[in-house]
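1. structure, please.
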Amino acid sequence: MSTVLTLIHDGACVAGAGMTLYSATITVAALTALLAPTVQRRRDARAVLTILLRRQHTHEDRPI
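-> Numbers count the residues shown, from 1 in each chain. Below is the predicted model of the structure:
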């Protein structure tokens, strides 16, 4: 039983680290999109945000 709890704990730690890395990536891309000195860099950062924040449509999101 102890092994199962250890695996669950380790999995939760890995998931938390992954979400922290994803959040940091989103934050850096958003700041770049706002504060980049050139127009091309701002466009590229917005494109990255579009890819990273792409939504998956569910049945409830679809228009009737």
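
2. can you give me the helices for the chain?
-> With DSSP state H applied, the chain shows helices at 2-35, 39-52, listed in chain order.

3. worst average pLDDT in those?
-> Among the helices of the chain, helix 39-52 carries the lowest mean pLDDT, a mean of 88.

4. please spell out which residues along that helix are buried.
-> Taking 16 or more other Cβ atoms under 10 Å as the neighbour-count basis, helix 39-52 is seen to contain the buried residues Ala45, Arg46, Val48, Leu49. Backbone N, C-alpha and C define where each C-beta goes, glycine included.

5. right, and the first one touches Thr32 too?
-> Yes. At 3.9 Å, Ala45 counts as touching Thr32 under the criterion of Cβ atoms under 8 Å.

6. out of the helices of the chain, deepest packed?
-> Between those, the one whose residues have the most neighbours on average, counting mean count of other Cβ atoms under 10 Å, is helix 39-52 (a mean of 13).

7. which phi and psi does Arg54 have?
-> Per-residue torsions, Arg54: phi -60, psi 130 (degrees, to the nearest 10).

8. which residues touch Ile26?
-> Each residue near Ile26 by Cβ atoms under 8 Å, 6 or more residues apart in numbering is listed here: Leu49, Leu52, Leu53.

9. from the residues you listed, which is closest to Leu5?
-> Of all those, Leu5 sits closest to Leu52, with 33.2 Å by Cβ to Cβ.

10. list the contacts for that closest one?
-> By Cβ under 8 Å, 6+ apart, the contact list for Leu52 reads Tyr22, Thr25, Ile26, Ala29.

11. could I get those as TSV with distance to Ala36?
-> As requested, the contacts of Leu52 are exported to TSV (distance: Cβ to Cβ, whole Å):
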residue	distance to Ala36
Tyr22	21
Thr25	16
Ile26	16
Ala29	10
